[in-house]
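Visitor: pasting the structure only:
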């Protein structure tokens with residue numbers, strides 16, 4: 001069972017800013033040691049729940065920046081930010097025991113859909129095709145042709 005205070009902090013993480021790990025550490029501090037917090041001793045299930053919220057937030061940020069319809073919106077950060085956030089998510093997942101392969105497959109599919117739409121609509125992205133191909137190979141561990 002996840003206590004209400006932990007549920008609330010997980011929601012804060014899911015709707016946090018650009019670096020959800022910062023929100024996670026703030027929530028962890030608040031829930032456990034902050035004088036103004038509830039002073040909880042978190043269960044493994046509750047700790048996992050908070051960490052899962054970090055993963056969900058990273059995925060939401062990546063999706064935001066790999067959604068063609070967002071390209072003209074003020075909150076859009078571009079492909080370069082999706083690339084940075086994949087690396088952050090990947091590092092967090094590795095440290096915290098989440099399946100990076102499952103996450104990688106989700107992100108590859110987001111890239112595939114985004115690049116097909118931008119290509120078919122003649123839209124420009126904020127990284128060169130060479131830079132993107134190199135990143136896909138080295139950081140997402142997939143062939144750039146997989147996205148064609």
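Guide: Structure's in. What do you need? As the structure is a prediction and not an experimental result, all values here were calculated from the model.
Visitor: the nearest residue to residue 143 once chain neighbours are set aside: which element?
Guide: Counting by Cβ to Cβ, 6 or more residues apart in numbering, residue 143 lies nearest to residue 137, which is 7.0 Å off, once chain neighbours are set aside. For every residue, glycine as well, the C-beta is placed using N, CA and C. Using DSSP states H and E, residue 137 sits in helix 129-138.
Visitor: which residues does residue 124 contact?
Guide: Shown in contact with residue 124 (Cβ atoms under 8 Å, 6 or more residues apart in numbering): residue 118.
Visitor: list phi and psi for it.
Guide: phi -90, psi 140 (degrees, to the nearest 10).
Visitor: from residue 54, how far off is it?
Guide: Residue 124 sits 31 Å away from residue 54, going by Cβ to Cβ, to the nearest Å.
Visitor: packing partners for the lowest-mean-pLDDT helix or strand in the chain?
Guide: Ranked by mean pLDDT, DSSP states H and E, the weakest helix or strand in the chain is helix 129-138, scoring a mean of 91. The contact analysis (3 or more Cβ pairs under 8 Å, 6 or more residues apart in numbering; DSSP states H and E) places helix 129-138 against helix 79-96.
Visitor: give me that answer again for 10 Å
Guide: Under the contact criterion of 3 or more Cβ pairs under 10 Å, 6 or more residues apart in numbering; DSSP states H and E, helix 129-138 touches helix 79-96, helix 100-120.
Visitor: how about the ones you listed in JSON lines, adding mean neighbour count and distance to residue 16?
Guide: Below are these laid out as JSON lines (neighbours: other Cβ atoms under 10 Å; distance: least, Cβ to Cβ, whole Å):
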{"stretch": "helix 79-96", "mean neighbour count": "18", "distance to residue 16": "13"}
{"stretch": "helix 100-120", "mean neighbour count": "16", "distance to residue 16": "18"}
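Visitor: name the element the nearest residue to residue 15 once chain neighbours are set aside belongs to?
Guide: Among residues not flanking residue 15 along the chain, residue 57 sits closest, at 7.6 Å (Cβ to Cβ, 6+ apart). Assessed by DSSP H and E, residue 57 sits inside helix 44-65.
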